[in-house]
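*Asks:* sharing a sequence plus its predicted fold:
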Amino acid sequence: MGDVGPFPYSSRSQHVPQCHRRHRRIPREPRRRELGAEEALRRGIPLRLLHVWSRDEERRARWVDPATARGWGERTLRITERRLRRRHSGLSVVTAWVPGDPADVLCVAGDESELLVLGSRGLGGPAGYLAGSVSLAVLARLKRPAILVRAHSAPAPGQSRSAGDVVLGLDVYSPSDEMIEFAFTAAERFGCRLHVLHSWQMPAVYGPDMAGVLPTLLAEVGQERQQALGDALAPWTEKYPAVPVVRRCNQGRAAQDLAEASRDARLVVVGRRNRRARIGTHIGAVTHGVLHHSVAPVAVVSHD
């Protein structure tokens with residue numbers, strides 16, 4: 001079974017050697033490390049901490065020789081490993097310092113792992129955040145599941161991020177088995193409900209007396225989508241009878257509805273269709289929107 005690979009610093013921050021910068025960032029992104037450690041323990045597999053260094057990624061790194069950079073990186077990994085071992089009894093940790101292009105290195109490591117955990121810089125303010133270019137490049141090429149964790153994210157007062165449902169965004173007419181199984185398995189491990197959300201929009205219709213016909217059309221389309229959602233989930237509810245499932249099928253925009261549902265979720269699961277395009281970060285409009293606006297961590301599951 002593969003390992004879980006969370007990365008304690010974004011690939012850009014790995015190039016910053018100054019002690020005051022590094023100490024300022026250590027408390028800034030604990031959630032990514034903690035989530036990776038918890039996932040590794042739940043799955044019974046090692047946690048792999050990977051520090052990627054690239055001389056070309058940032059101008060300040062060009063004046064640092066690889067030996068010095070490696071010393072700084074390995075020290076950071078040792079500190080992180082000790083902290084995680086103290087907080088998580090029985091956790092097996094493997095560390096590695098790797099020079100190279102961050103996206104290339106992370107894609108290789110992610111495809112060799114059971115799960116990849118990435119972070120974001122949290123540049124979008126309280127209503128959203130911007131996934132970095134490295135994270136988007138990795139997600140667009142990765143064949144294995146990955147979780148993107150927001151750098152600055154605090155639960156609402158009186159709530160805990162360890163509580164809440166797993167939220168799955170599902171296209172009922174082309175459902176992905178990989179996505180659905182990942183979501184059910186996550187909910188089973190967490191011991192929580194699975195909230196399945198399908199949003200749909202009314203196609204444009206033309207003709208006389210549309211005001212009188214539209215309510216009937218909306219009701220018919222809504223019933224059709226509800227039936228399709230039930231059919232898509234039927235074999236999975238039989239396979240995972242212990243997982244409570246909440247179905248929500250409504251007229252709306254998928255990315256917006258999933259971002260809203262993320263406020264009370266512990267994890268949001270979306271998909272990315274594998275594409276053969278040579279250029280561009282093709283992760284899909286809905287997934288792209290969720291990545292930029294979700295409050296909860298987002299799991300991206302690639303599928304054909």
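*Replies:* Sure thing, it's come through.
*Asks:* so which elements touch the top strand by length along the chain?
*Replies:* When the chain is scanned for its longest strand (criterion: DSSP state E), the result is strand 265-273. With contacts defined as 3 or more CB pairs under 8 Å, 6 or more residues apart in numbering; DSSP states H and E, strand 265-273 has these neighbours: strand 165-169, helix 177-190, helix 254-261, helix 285-293, strand 298-303. (C-beta placed from N, C-alpha, C; glycine too.)
*Asks:* with mean pLDDT and mean neighbour count added, can I get these in TSV?
*Replies:* Output for those, formatted as TSV (pLDDT from 0 to 100; neighbours: other CB atoms under 10 Å):
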stretch	mean pLDDT	mean neighbour count
strand 165-169	97	27
helix 177-190	96	19
helix 254-261	95	20
helix 285-293	91	20
strand 298-303	94	24
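*Asks:* out of those, which is closest to residue 221?
*Replies:* helix 254-261 (15.3 Å; CB to CB).
*Asks:* centre of the chain to that closest one, how far?
*Replies:* Computed by CA atoms, centre = their mean, to the nearest Å, the separation of helix 254-261 from the middle of its chain amounts to 14 Å.
*Asks:* one more: stretch 107-122?
*Replies:* What separates the centre of stretch 107-122 from the centre of its chain is 9 Å, taken as CA atoms, centre = their mean.
*Asks:* right, and the helices and strands packed on strand 265-273 - which one's nearest residue 32?
*Replies:* strand 298-303 (12.3 Å).
*Asks:* parallel or antiparallel, list what pairs with that closest one.
*Replies:* Sheet pairing for strand 298-303, assigned by DSSP bridges, gives strand 146-149 (antiparallel), strand 265-273 (parallel).
*Asks:* let me have those strands in CSV, adding distance to residue 51, mean pLDDT and mean neighbour count as columns.
*Replies:* Below are those laid out as CSV (distance: least, CB to CB, whole Å; pLDDT from 0 to 100; neighbours: other CB atoms under 10 Å):
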stretch, distance to residue 51, mean pLDDT, mean neighbour count
strand 146-149, 17, 92, 24
strand 265-273, 25, 94, 24
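*Asks:* out of these, the one nearest residue 295 is which?
*Replies:* Residue 295 lies closest, by CB to CB, to one member of the strands paired with strand 298-303: strand 265-273, at 7.9 Å.
*Asks:* let's have the strands paired with strand 298-303 in JSON lines, adding distance to residue 302.
*Replies:* Shown next, in JSON lines, are the strands paired with strand 298-303 (distance: least, CB to CB, whole Å):
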{"stretch": "strand 146-149", "distance to residue 302": "9"}
{"stretch": "strand 265-273", "distance to residue 302": "5"}
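*Asks:* quick one: which of the helices and strands packed on strand 265-273 is nearest residue 95?
*Replies:* Proximity to residue 95 (CB to CB) singles out strand 298-303 among the helices and strands packed on strand 265-273, at 23.9 Å.
*Asks:* so which of the helices and strands packed on strand 265-273 is nearest residue 116?
*Replies:* In terms of CB to CB, the element of the helices and strands packed on strand 265-273 nearest to residue 116 is strand 298-303, at 9.4 Å.
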